[in-house]
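**Student:** need coordinates for the below:
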Amino acid sequence: MSNGHLLETKKLSINFGGIKAVDQVDFHINKGEIIGLIGPNGAGKTTVFNLLTGVYRPTSGSIIWKGENIEGFPPQEIVKRGISRTFQNIRLFGEMRVIENVLIGSHINICYKLLDSMFESKKFKKQEDEATVRAIEVLKSLNMEDKLNDYADSLPYGDQRKVEIARAVATGAELILLDEPAAGMNPQESEELLKFISNIRDLGITILLIEHDMNVVMNVSDRVYVLDNGRLIAEGLPEEVAHNPQVIKAYLGGDAFVER
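**Tutor:** Presented below is the predicted three-dimensional model:
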């Protein structure tokens, strides 16, 4: 790994027309960390996620994953290398059961052919059985086995978020990017999410988190990076970032962070 970092970006930049959406961003993530990425709307946070996951190709700069430059790799290759994500808008299959939604995550690592599935060959059955066991293990490890046969659209909003994160875990990811997981949650659901994210870390998974809920960010993150207009303006421990005058000005218009 480059400098011991799990993931590192060097002068990561992308332009849309004449606009620099992400501008010379350098940051790193160490194995086992929970990293917060915050900033005002339009700061470039989701664009960074799209660059890291291959949705966008950088205009310049590099993305180093475990010592390998993955800049320009397609999304499926990046998932296979161990980086997975969730989205701001929940993308579950509501008419499918929880176990089936999580199984979709496991399928990235399946290598049977179309004919195997059409004729349900031994290879197909073996890999499907293994994927099902893996999906059940993921749900058990996250204390969600009681939801296994529930339909996704029948679950409370907070549980739907958890299922989406469980699906990302089922890909076998070493790093999961969470894009505003607390969006739309009430305070109780946010508190449950804090514990849930800590449980994921306990499984040995590293987390990069975009979040507007400062209670979540400040209580779960080991370190925080702050973006404003596509540039990093601060980094450090949550407490340091919360009292950084530049951050307060950019993010809150002069009001200090208030922890609940």
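**Student:** can you map out the helices along the protein?
**Tutor:** For the chain, the helices defined by DSSP state H occupy 45-52, 75-81, 98-106, 114-118, 122-141, 157-170, 187-202, 214-220, 238-242, 245-252.
**Student:** contact partners for the closest residue to Arg91 other than its chain neighbours?
**Tutor:** Of all residues beyond its chain neighbours, the one nearest Arg91 is Glu164 (6.8 Å), with distances taken as Cβ to Cβ, 6 or more residues apart in numbering. The C-beta positions use only the backbone N, C-alpha and C, and glycine is treated the same way. Glu164 makes contact with 86-87, 90-92, 101 under the criterion Cβ atoms under 8 Å, 6 or more residues apart in numbering.
**Student:** buried among the residues you listed? Need that as a selection in ChimeraX.
**Tutor:** To isolate the buried subset of the contacts of Glu164 in ChimeraX, counting by 16 or more other Cβ atoms under 10 Å, use the following:
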select :86,90,92,101
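**Student:** quick revisit: dump the helices of the chain to CSV, plus distance to Val22 and mean pLDDT.
**Tutor:** Output for the helices of the chain, formatted as CSV (distance: least, Cβ to Cβ, whole Å; pLDDT from 0 to 100):
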stretch, distance to Val22, mean pLDDT
helix 45-52, 5, 96
helix 75-81, 17, 91
helix 98-106, 27, 86
helix 114-118, 39, 54
helix 122-141, 32, 80
helix 157-170, 23, 91
helix 187-202, 25, 91
helix 214-220, 20, 90
helix 238-242, 19, 92
helix 245-252, 16, 82
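**Student:** can you tell me which of those helices is nearest to Asn229?
**Tutor:** Each of the helices of the chain was scored for nearness to Asn229 using Cβ to Cβ, and the closest is helix 245-252 (8.4 Å).
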